[in-house]
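Student: Build me a structure from this.
(chains A and B)
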Amino acid sequence: MRQTRALTQKQLTGGLSLVLAALFLLSLFIGSNPIPLFQAARDTLLDTPSVIALIFSEVRLPRALIALFTGATLGLCGAAMQGLLRNPLASPGLIGSASGAALGAVCMLYFGIGTMLPMALPIGGMAGALMATLLVYLLAGRDAGTLTLILAGVAINAMALALISLLLNLAPSPYAVREIVLWMMGSIANHSMDDFQIMLPGILLGWFLLIGTGRSLDALTLGEETATTMGISLPRLRWRIFLAIALAVGSAISITGSIGFIGLVVPHLLRPLVDHQPSRLLLTSAIGGGILLLAADICVRLFPAGTDIKVGVLTSLVGAPFFLYLIIKSRRFVL
Amino acid sequence: MSKTLFIALLLLICPLSSQASEQPTRIVSINLCTDQLLLLLADPSQITSISYLALEPTSSFMAEQAQQYQINHAKAEELLTLKPDLILANEYSDRALIALLEKLGYQVERFPLPFSIEGIQRNIARMAQLLGQEPRGEELINQMNQRLDNIAQQRPATPPKALFYQPNSYTSGSNTLQDTALHLAGWRNLAAEVGIEGYSAIDIEALLLAEPEQLFTSPYAPGSRSLAQHQLSHPALKRVTAGRAMIEVDYKFWICGGPMIADAVEQLHRSLPR
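Tutor: Prediction:
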């Protein structure tokens, strides 16, 4: 019996990874102009200076990589948060980490700090994400019910979004005001390899911190007391996960803007497939998040040229009805 | 006999005196573009007020000369207290304001935004006529033509490929001042060649595929930062132009079409690869 389950887990990650790889390749193929991709890849590897190599390595590759890493981060952090708070509605978007990160990045970018130090952007994002997450956690209290947590998240989200609007209205750049929507909805268009390199260290550090929290999260499903008797230090686990989320989500969002609902939807969709085990959900959700964001970004690019739809609009269009469904489902439980 | 002489004299004088009264003496301009033409062509005694934008050094070519005049913010009440005998506006100026001013009996003249040298010449000639300064208008047009002709004679046989790239990936296609100036200076405008008309966004892949040899940009708010402006530092842009940095051409040369286009054309010409 256990043998088949282990196999299923392997099959599941294997299958999802295949889908992820396929979407990553597809994402490289889709652009405003058809280019011979394999020749472009060869030119890039052989360092032949050609325009198609330039389009491949400096336009398409960073976009696909940013989609992959941001999606994976959001999926993974959503799963970790839901496991830690034992709350199906916890996710970086709903409890304020993402908008906090966007606020931190906005502070850095528009007021001249970002140009002095390239890493200022993700550092601002991390600080913002950590502060927002802690604030929600403190507001809601340790044993918060779903409703309290969501309300605290709504309050902090509203606060962060209002501050983003205020700052962008006050920013000296005439282009700043129009970028409010970009920070609120998120976009992965027009980024370069530099941007990817800037977000990468924080993301990897965050992922690294989350490795090995799976067993503690599994224990936590039995209740906090049981987990403590099993030798798990809850405050340490909490700090570790909050810090990991701040590092990873803060870095990703500081480049892409706040992309909604991936952290909420992906763990939910995949949870039945991993027998509701948080430890197995972490990796699966990371892959699922990458799949969802890559797919959404491909869809955005399939719209006719010139219709500049932000990828976050699409994920929210999918995510918001799902959120409603979750609320209705949880209400039925309560009643 | 003396009566007919008197009438004959009157007839002689009348056209003269009416011409003298045609030269307006309390001119108010409510738009940056008409401000600049006014400052270039009018006697200082004719100018009553110009718009506040005329003082902004990044937008206004005439910021220094503008300092001695009273400024306005194109508000109806403010304009009425100035008792203007001629109000100069742009085709995009607030329609409601202009309708109100015309209803109150003021003479309002609206100037189009030019996209070609002919358009600029027409605007100068019309402004000079309104001000009663035709000789100055002709002189200004001749000076501009002279400078443009000088450059036209030194244009390269095979013009290199260029493109204007602005924040939010905007570019200048056909029927723009930048297109006109690039051609006059001896460049090809790739944006027009890939089918872009007017001011529009260009996809970065399309830009790279066109393989520009030089990129130009006109910073609208130098020193400020945003994601839109961050796009200009995309590393692929520098690599496609073989390491040549983007050249900045001041925004004040284009924001309004005027004789300062010659400065822009001269700068573009100086940027040609040797």
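
Student: quick one, phi/psi of the closest residue to residue A:174 other than its chain neighbours?
Tutor: Computed as C-beta to C-beta, 6 or more residues apart in numbering or on different chains, the closest residue to residue A:174 that is not its neighbour in sequence is residue B:221, at 5.0 Å. Just so you know, the C-beta spots here come from the backbone N, C-alpha and C atoms, and that holds for glycine as well. Per-residue torsions, residue B:221: phi -140, psi 70 (degrees, to the nearest 10).

Student: How about the residues of the stretch 1-150 of chain A by chain B?
Tutor: Taking C-beta under 8 Å from any C-beta of the partner chain, the part of the stretch 1-150 of chain A that reaches chain B is made up of A:31-33, A:35, A:49, A:51, A:54-55, A:58-59, A:109-112, A:114-115.

Student: From the residues you listed, keep the buried residues only.
Tutor: For those, a burial check counting by 16 or more other C-beta atoms under 10 Å in any protein chain shown picks out A:31, A:32, A:35, A:51, A:54, A:55, A:58, A:59, A:109, A:110, A:114.

Student: Nearest to residue B:212 among these?
Tutor: residue A:51 (10.6 Å; C-beta to C-beta).

Student: what's the distance between the closest one and residue B:152?
Tutor: Per C-beta to C-beta, to the nearest Å, residue A:51 is found 32 Å from residue B:152.

Student: So which of the buried ones among the residues of the stretch 1-150 of chain A next to chain B are in helices?
Tutor: Among those, the ones falling in helices (DSSP state H) are A:51, A:54, A:55, A:109, A:110, A:114.

Student: can you list those residues in CSV and add pLDDT?
Tutor: Below are these laid out as CSV (pLDDT from 0 to 100):
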residue, pLDDT
A:51, 89
A:54, 90
A:55, 90
A:109, 90
A:110, 90
A:114, 65
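
Student: Can you pull the residues of chain B lying near chain A?
Tutor: Residues of chain B lying near chain A (C-beta under 8 Å from any C-beta): B:167-169, B:201, B:203-206, B:208-209, B:211, B:220-221, B:223-231, B:234-236, B:239-240.

Student: Among those residues, the buried ones, what's the PyMOL command?
Tutor: The PyMOL command for the buried members of those (criterion: 16+ other C-beta under 10 Å) is given here:
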select buried, chain B and resi 167+168+169+203+204+205+206+208+209+220+221+224+225+226+227+228+229+230+231+234+236+239+240
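
Student: so who does the residue of the stretch 1-150 of chain A found nearest chain B touch?
Tutor: Using C-beta to the nearest C-beta, the closest approach of the stretch 1-150 of chain A to chain B is made by residue A:58 at 3.7 Å. Listed by C-beta atoms under 8 Å, 6 or more residues apart in numbering or on different chains, the contact set of residue A:58 reads A:192, A:193, B:234, B:235, B:236, B:239.

Student: A strand includes residue B:50, no?
Tutor: Yes: with DSSP: H, G, I helix; E, B strand; the rest coil as the criterion, residue B:50 is part of a strand.

Student: Distance check, it against chain A.
Tutor: 22 Å (C-beta to the nearest C-beta, to the nearest Å).

Student: Residue A:108 and residue A:123 touch, don't they?
Tutor: Yes: contact criterion C-beta atoms under 8 Å: residue A:108 and residue A:123 qualify, at 7.3 Å.

Student: Counting neighbours, go ahead and name the busier of the two.
Tutor: The residue with more neighbours, out of residue A:108 and residue A:123, is residue A:108; 25 against 19, by other C-beta atoms under 10 Å in any protein chain shown.

Student: which secondary structure element contains residue A:77?
Tutor: Per DSSP states H and E, residue A:77 falls inside helix A:61-85.

Student: pLDDT wise, what is residue 105 at?
Tutor: Just so you know, I chose chain A. At residue A:105, the model reports a pLDDT of 93.

Student: nope, chain B please
Tutor: In this model, residue B:105 is scored at 93, pLDDT.

Student: Determine which two of the residues of the stretch 1-150 of chain A next to chain B are furthest apart.
Tutor: Distance extremes for these: the farthest pair is A:35 and A:111 at 38.4 Å, using C-beta to C-beta.

Student: ok now do residue 30, which residues does it touch?
Tutor: As the question left the chain open, I've gone with chain A. Residue A:30 touches A:298, A:301, A:302, counting by C-beta under 8 Å, 6+ apart.

Student: let's do chain B instead
Tutor: Residues near residue B:30 by C-beta under 8 Å, 6+ apart: B:51, B:72, B:74, B:79, B:87, B:88, B:89, B:93, B:97.

Student: Phi, psi for the residue in the stretch 1-150 of chain B positioned nearest to chain A please.
Tutor: Of all residues in the stretch 1-150 of chain B, the one sitting closest to chain A is residue B:58 (10.7 Å; C-beta to the nearest C-beta). With angles defined as degrees, to the nearest 10, residue B:58 shows backbone torsions of phi -80, psi -30.

Student: For residue B:168, which three-state class applies?
Tutor: Secondary structure assignment for residue B:168 (three-state DSSP): helix.

Student: Looking at it now. What's its pLDDT?
Tutor: Value listed for residue B:168 in the pLDDT field: 89.

Student: So, low pLDDT: which residues of the stretch 1-150 of chain A?
Tutor: A:1-7, A:114-115 (pLDDT under 70).

Student: no wait, chain B
Tutor: In the predicted model, chain B carries pLDDT under 70 at residues B:1-22.

Student: can you give me the helices in it?
Tutor: For chain B, applying DSSP H gives helices covering B:2-22, B:32-41, B:63-66, B:76-81, B:95-103, B:117-131, B:134-152, B:177-185, B:190-193, B:204-210, B:227-230, B:235-240, B:261-270.
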